[in-house]
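Peer 1: Starting from these lines, generate the structure:
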Amino acid sequence: MNALHAVIAVLLASILVILIRRKLLHVDLSFPWFIAIVALAFVGSNEALVTQIADALDIAYAPMAIVFLTFLFVLSLIVTALIGLTRLRHRQLKTIRHVAAMELDLQERG
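Peer 2: Now for the predicted structure:
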């Protein structure tokens, strides 16, 4: 099963690299995805670690710990994407205000 986990992790990482090279994803926004892929591949292929995590989180069925971690990673990726989107919107609003000020200045002169 460890080989299957490694193949899946390499496949996901390859898809991510392809998306970056085609300029569909930016490197800075895809870095958390790489971290999530590597972390989940490592945890998913190590049964002792899964059992320890399940015991620490008081989860009765150990494989559910991986599901819990997956939801945690997806939530953190969504938050990271929202932070990036918020930064873009702030820059967009700043640019709109600058252009509006320039237009107002041109109207007052003309």
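Peer 1: Please count neighbours and contacts with C-alpha atoms only from this point.
Peer 2: OK.
Peer 1: all helices for this structure, in order.
Peer 2: 2-21, 27-44, 47-56, 63-109 (DSSP state H).
Peer 1: Mind putting those helices into CSV with mean pLDDT and mean neighbour count?
Peer 2: Formatted as CSV, the helices of the chain follow (pLDDT from 0 to 100; neighbours: other C-alpha atoms under 10 Å):
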stretch, mean pLDDT, mean neighbour count
helix 2-21, 85, 14
helix 27-44, 84, 16
helix 47-56, 91, 16
helix 63-109, 92, 13
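Peer 1: With adjacent residues omitted, what lies nearest to the residue nearest to the spatial centre of the chain?
Peer 2: In the chain, the C-alpha nearest the mean C-alpha coordinate belongs to residue 77, at 3.3 Å (C-alpha atoms, centre = their mean). Computed as C-alpha to C-alpha, 6 or more residues apart in numbering, the closest residue to residue 77 that is not its neighbour in sequence is residue 32, at 6.6 Å.
Peer 1: Please apply the same query to residue 30.
Peer 2: residue 16 (7.4 Å).
Peer 1: CA atoms only: put stretch 24-31 into PDB for me.
Peer 2: The C-alpha atoms that make up stretch 24-31 are tabulated as PDB, following Å, rounded to 0.1, in the frame of the first residue of the first chain:
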ATOM      1  CA  LEU A  24      -2.900  28.300 -14.400                       C
ATOM      2  CA  LEU A  25      -1.500  28.500 -10.800                       C
ATOM      3  CA  HIS A  26       1.000  30.800  -9.300                       C
ATOM      4  CA  VAL A  27       4.000  29.300  -7.400                       C
ATOM      5  CA  ASP A  28       3.300  31.200  -4.200                       C
ATOM      6  CA  LEU A  29      -0.300  30.000  -4.100                       C
ATOM      7  CA  SER A  30       0.600  26.400  -4.900                       C
ATOM      8  CA  PHE A  31       3.200  25.900  -2.200                       C
END
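Peer 1: Could you tell me how far that stretch lies from the centre of the chain?
Peer 2: Relative to its chain's centre, stretch 24-31 lies at 9 Å (C-alpha atoms, centre = their mean, to the nearest Å).
Peer 1: Touching that stretch from outside, list them.
Peer 2: Stretch 24-31 is contacted from outside by 16, 19, 20, 80, 81, 84, using C-alpha atoms under 8 Å, 6 or more residues apart in numbering.
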